[in-house]
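need coordinates for the below:
(chains A and B)
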Amino acid sequence: MSEIEVIKNEIEQHIADVQDTKVLDDIRVAALGKKGQITELLKTLGTMPLEERIEFGKKINAIKAEIEASIVAKKQELEVKMLNERLKKEVIDVTLPCRPETQGRIHPVSKVYEEIVAIFAEMGFEIAEGPDIEDQFHNFNALNMPPNHPARQMQDTFYINDDTSHDFDMDCAYVVRTHTSGVQIRTMEKKHPPIRIIAPGRTYRSDYDATHTPMFHQVEGLVIDKKTTMADLRGCLYDFLKSFFEVDTLPVRYRPSYFPFTEPSAEMDIGCLKTKDELKIGAGTDWLEVLGCGMVHPNVLKAGGIDPNEYQGFAFGMGIDRLAMLKYGIPDLRTFFESDIRWIKNYGFTPLDFSSMTSGLSNNGGLAR
Amino acid sequence: MKFTLSWLKEHLDTTANIDTITETLTRIGLEVEEVINPAAALTDFHTARIDKVEMHPDSDHLHVLAVNTGKEVLQVVCGAPNVHEGLIGIYAPTGALIPCYGERLKIAKIRGVESMGMMCSEKELMVGDDHNGIIELPADTEIGIPAAEILNIDPVIEVSITPNRAECLGVRGIARDLAAAGLGTLKPLTIRHIPGNFKSPIHVSVSCPDVCPIYTARYIKGVNNQAQTPKWMKDRLVAIGLHPISPLVDITNYINYDLSRPLHVFDADKLTGDICVRMAHEHEEFTALNEKTYTLDTQSLGICDDDGVQCLGGIMGGLNKGSYENTTNVLLECALFTPTCIARTGRKLQLDSDSRARYERWVDPMSTISGNDYATQMILDICGGEASEIEIVGQEKYDTKPVYLRPERLKTFIGIDNISLDMCVETLQHLGFTVRVENGVIEAISPSWRHDIEHEQDLIEEIVRMVGLDNIPATSMKVAAFPQPVLTPLQNNVVLVRHELALRGMFETVTFSFTDSQVAQYFHRGNEPVIIHNPIITELDEMRPSILCNLLIGAKNNIARGYPNLALFEVAPEFYGRIPGQQRTVAGGIRVGKTSFKDWTATQRSYDVFDAKADALAAIAAAKGPIDSLQITTDAPNYYHPGRSGTLRLGKNILAYFGELHPLILKALDIKTNIVAFEVFVENIPLPRDTKSKAKKKLELSSLQAVEKDLAFVVAKNVPSINIYTAAKTADRDNISDVRIFDVYEGDNLPEDKKSIAITVTFQPKDKSYTDAELEALMNKVISEVGKKTGASLR
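Sure, this is the predicted structure:
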């Protein structure tokens, strides 16, 4: 073995043994630096005769290249090793919880409002609105409820105080609307038939117990044209309720009833199964009242400026909160209005839970977090 | 309205069973609310005879019976004292559910002797109170027949009567409806005219015939009010929840429920002078049977003697001159009062009675004289005595204006086929209408007990409810082939704002439109409060002037429940005036306490004004509002912290308020947590113009690298940072693409009245990169513009 091979082997051995990039660099300097062993050997080339120089030069340059390659390889090896050692120390407990963030909620009343709108929109209904504080003409008189009408007393009306210029007069004072039916009149005043509207909104009655709150939500429906019949009413409401409750079958029952603003009037029940802990809509032997409806009374059409000899139609009204309770199994109406964040978190809907008839009415917003 | 089955059958000849009757009632519009039928629990029980009685070998009071059920003879151990051979009673087999105990009967060994069932007492079957022995039926009773058939069981039915069906507040009215529905025939009601033997010593005058069109009175002398009310009458009154008091009271109550015919009985000996029916005097006092004293006004009807009002006409008798147990001479009143007067007085005095319930709906005007005769007969039958001639003031009359029905309207209005003219005629006749047919049109005159028949639709309803609403077909709504969007832009904005705020982690709530005036007082913004005249509770006595009122009350309650960190919002109306329409839709929200609970990442911080500002801007953006062109002014209402709040506006148009709530408000509400709030006035957000193209502006991207430079300015403290921002941003619109404020500093090294604001300005070259000189010129431009517009100098 020649001298340079001994040197080479020695250097390669050092490279192989080294465990540290800094020592590796020292080895590189000692071998290939300005005064390194290999560099020194290269320097001797100049003193050599030409032939010898060419041969020795090839050899020494080859050795130099080998050593350089070894150093690079070793350097990479050491760097990987060091990184692995560092990473081993960089362990984080990934079972820790994420940074806190709150997923918001949509209130069930809003959600059910959106569902109702989605369904009735498919049937060509527009959304009408009216003021919460009403005059007695729109809330009562125009709806065939003249003063002293017994139904007017039954509604437990809230009255608004007059201005102070005269004494309070119960027959003239503004009221907080007892139903959304006033919107029927306001719509007829503005729009000529055909009319097809729903009017969702807040309604108020002086009643406060386990099943009544002084404010609740109603949705009113009104269809007026020249040939809408009670058969259309039945079809419309059946289609609505079946879609709303997202059931395949829905037994329904109509009972004659009385509302001053419709004639004939009816209440509609849906079939359900009541057990101790659960209410199942769409099956079973029990009936559950869900809405009131009927053919618009001729006096109401007249009050709205529409000729009852020419036009006819139906109206209906139902409780939005009640529909929410039935569909989503919410037991107590009063809790709707208490702003209890535990309740909202549990019964509320995720922010992306939009309602449509194409993507489905409910649970489009992913899981509640 | 309650009645018993036997009472119904007094008027209705029917073979229908209780289930058919109740189903029919609901179907024709007399909704059954409850049926209490003890018979339903008795299906396991049958009659049986005791063939043999032996003493129990191991007891001195128990007997061992051989009970013959008609099918077999069984051994039964019985402790009742009244057992004897041949007794026919009610036998309960093993396995029967005993109503009184609610448990099933088991085969038992009683002191070593096996007992296969038991003989029952009335109490055990809950058909009576007797528990002294087993039921003993007449000796000729068949054995092996169902107990329910033998025992005198009278189910109680409760129906809810709609306001238009006043006559169904009498059992007879209900019976008539059932007969019309095909459930038997209505029995005739015979009322014998009683001529009377003498003239009434008490005379009647009516000074207000508008309110009291007819008043009849009859003097009956020598009655015995200590007589027994007949058992059948007592049983029925008890069954519907009335207490039998004395025959005279019981008779009036009974007829009220039987025929929906209110009556009143005065003790004639207590009356002073004659009866005068008149409007009460202002402030005249009246003490009613319920021992309460009412102050009347000139619109209340009084039945008066010389001492004043003795009966509040049609509503309630007086305490002083009614019948009592020693009453011997009475004046019987049967009159007609107009519904409006009764309703008004009853409502004003908040005085409910069975009589009021009937008068304010409708009392058959043709039942005044016959009602008097009917009641007189009943009093004579039960209490004895001698009746005077009837004294009648006014006239019995009712409106007989005909209403017309075109039978084809059942098809064109209801959508039901196959209803013949004959069927319509027959149904109306059963309901008491006088019917005539001419040219295929039905002319119907309403019976006097109905007041709700005015239009063709009313007649249609009568037919339809007898046919059954469920026999009407159902046809789906016909819709346009290609539906259009139905929400108005504003309605759509409300939905979008709601979802945007929820996406920002807020919880939507829905609260009452009312609030507590104690809270509302801080939120009026100069408007008059809208006060509820008759609040249900004092804490809900005002229409909220700001949506924040109830959110704050909600926050307080959540804090009290142990949830001090929360973000609540509501999108709903607030009220700035008492006139319809003086309301606006507000998206209001509050953030309370900290962003989260204490947590290991230590990201928790207190909410501040910028959270509320961000919410407000996000809501406006969700509603497509022009957030980049909004002005921010520092004039939010005074319930906000004066130095930490703002108004987002477009000139005079206010889109939103935001800020920390004023500490005094929180103190007044006893809330110890910091709260920031915002109110976005959704209707004030300008809607994008319809004409605007949906296409976006072409995106111009430069391939050259943007240059960011930081500049720090010293400026007077009262200069809003937005002025520096705007001055910098507009210093060179072609080259400056962005400005960001990255540091705000007050304190050491700065004069007391100064602050330092540091900004990063992004310069975006278009065609070629900036030279050093160009860049310096641009920065100088920024420095000089900011200096000129805000007085700031480079730090």
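
need the contact list for the residue of the stretch 351-500 of chain B found nearest chain A.
Residue nearest to chain A within the stretch 351-500 of chain B: B:Gly415 (2.8 Å; CB to the nearest CB). In short, each C-beta sits where N, CA and C put it, glycine included. Contacts for B:Gly415 (CB atoms under 8 Å, 6 or more residues apart in numbering or on different chains) come out as A:229-232, B:472-473, B:475.

what about 6 Å?
Counting by CB atoms under 6 Å, 6 or more residues apart in numbering or on different chains, B:Gly415 touches A:229-231.

before we move on, what about B:Ala622?
By CB under 6 Å, 6+ apart, the neighbours of B:Ala622 are B:496-497, B:500.

identify, from those, the entry nearest to B:Ala587.
Set against B:Ala587, the nearest of the contacts of B:Ala622 by CB to CB is B:Val497 (4.8 Å).

could I get the buried residue list for the helix or strand hosting the closest one?
Secondary structure from DSSP states H and E places B:Val497 in helix B:489-503. The neighbour-count check on helix B:489-503 (16 or more other CB atoms under 10 Å in any protein chain shown) flags B:491-503 as buried.

continuing past it, what's the next helix or strand?
Tracing the chain past helix B:489-503, the next element assigned as helix or strand by DSSP H and E is strand B:507-508.

average pLDDT for that next one?
Average pLDDT, strand B:507-508: 98.

helices or strands next to the helix or strand following that strand in the packing?
Once the chain leaves strand B:507-508, the next helix or strand it forms, by DSSP H and E, is strand B:514-515. On a contact count with 3 or more CB pairs under 6 Å, 6 or more residues apart in numbering or on different chains; DSSP states H and E, strand B:514-515 meets no helix or strand.

what does strand B:514-515 contact?
Against strand B:514-515 from outside (CB under 6 Å, 6+ apart): B:540, B:542, B:544, B:549-550.

ditto for stretch B:750-768
So stretch B:750-768 is in contact with B:702, B:704, B:706-714, B:717, B:721, B:724, B:728, B:735-746, B:778, B:782, B:795, going by CB under 6 Å, 6+ apart.

now with 8 Å?
B:702, B:704-717, B:721, B:724-725, B:728, B:734-746, B:770, B:775, B:778-779, B:782, B:792, B:795.

got it, and stretch B:633-648?
B:522-523, B:525, B:546, B:548, B:608-609, B:613, B:616-617, B:620, B:630-632, B:649, B:654-663, B:665, B:677, B:720.

if we can go back for a sec, of the buried residues of helix B:489-503, list those near chain A.
By CB under 8 Å from any CB of the partner chain, the members of the buried residues of helix B:489-503 lying near chain A are B:491, B:495, B:498-499, B:501-503.

in CSV, list the residues you listed along with pLDDT.
Formatted as CSV, these follow (pLDDT from 0 to 100):
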residue, pLDDT
B:Gln491, 93
B:Val495, 95
B:Arg498, 97
B:His499, 96
B:Leu501, 98
B:Ala502, 97
B:Leu503, 96
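
pull up the pairing partners for the strand ranked longest in chain A, direction included.
What stands out as the longest strand in chain A, according to DSSP state E, is strand A:262-274. Here strand A:262-274 is paired, per DSSP bridges, with strand A:252-259 (antiparallel), strand A:279-281 (antiparallel), strand A:286-296 (antiparallel).

still on that earlier bit, which among the contacts of strand B:514-515 gets closest to chain A?
Once CB to the nearest CB is applied, the member of the contacts of strand B:514-515 that ends up nearest chain A is B:Leu540, at 6.3 Å.

against A:Ser206, how distant is that closest one?
For B:Leu540, the distance to A:Ser206 equals 10 Å [CB to CB, to the nearest Å].

do the same with A:Tyr311
A:Tyr311 is 35 Å from A:Ser206, by CB to CB.

equivalent analysis for B:Thr762, please.
Applying CB to CB to B:Thr762 and A:Ser206 gives a distance of 62 Å.

quick one: B:Lys789 is in a helix?
Yes: assigned with DSSP: H, G, I helix; E, B strand; the rest coil, B:Lys789 falls within a helix.

in this structure it contacts B:Pro720, no?
No: using CB atoms under 8 Å, B:Lys789 is not in contact with B:Pro720; the gap is 11.4 Å.

show me chain B divided up by domain.
With domains defined by automatic domain parsing, chain B comprises B:2-37+B:155-186, B:40-150, B:204-394, B:403-470, B:489-684, B:707-794.

ranking those domains by mean pLDDT, which is last?
It's domain B:40-150: among the domains of chain B, that one has the lowest mean pLDDT, namely a mean of 86.

that one close to chain A?
No: under the criterion of CB under 8 Å from any CB, domain B:40-150 makes no contact with chain A; the nearest approach is 15.5 Å.

sec struct for A:Gln103, please.
coil.

ok, it - contacts?
A:350-351, A:368-369, B:505 are the contacts of A:Gln103 under CB under 8 Å, 6+ apart.

looking at those, state which has the most neighbours.
Among these, A:Pro351 has the most neighbours (other CB atoms under 10 Å in any protein chain shown), with 22 neighbours.

give the contact list for that residue.
So A:Pro351 contacts A:103-106, A:365, B:499, B:502-503 (CB under 8 Å, 6+ apart).

for B:Phe569, see how far away it is.
Taken as CB to CB, the span from A:Pro351 to B:Phe569 is 12 Å.

what is the neighbour count of A:Arg342?
Residues near A:Arg342, counting by other CB under 10 Å: 13.

which strands or helices does the one helix or strand it maps to pack on?
Using DSSP H and E, A:Arg342 sits within helix A:341-347. Secondary-structure packing of helix A:341-347 (3 or more CB pairs under 8 Å, 6 or more residues apart in numbering or on different chains; DSSP states H and E): strand B:507-508.

what residues sit buried inside the longest helix along chain A?
Of all the segments of type helix in chain A, defined by DSSP state H, the longest one is helix A:50-89. The neighbour-count check on helix A:50-89 (16+ other CB under 10 Å) flags A:56, A:60, A:63-64, A:67, A:70-71, A:74-75, A:78 as buried.

between A:Tyr311 and A:Ser206, which is the more surrounded one?
Ranked by neighbour count (other CB under 10 Å), A:Tyr311 and A:Ser206 place A:Tyr311 first, with 21 against 17.

and the most centrally placed residue in chain B, how far is that from chain A?
By CA atoms, centre = their mean, chain B has its centre lying nearest to B:Ile536, at 13.3 Å. Using CB to the nearest CB, to the nearest Å, one obtains 5 Å as the distance from B:Ile536 to chain A.
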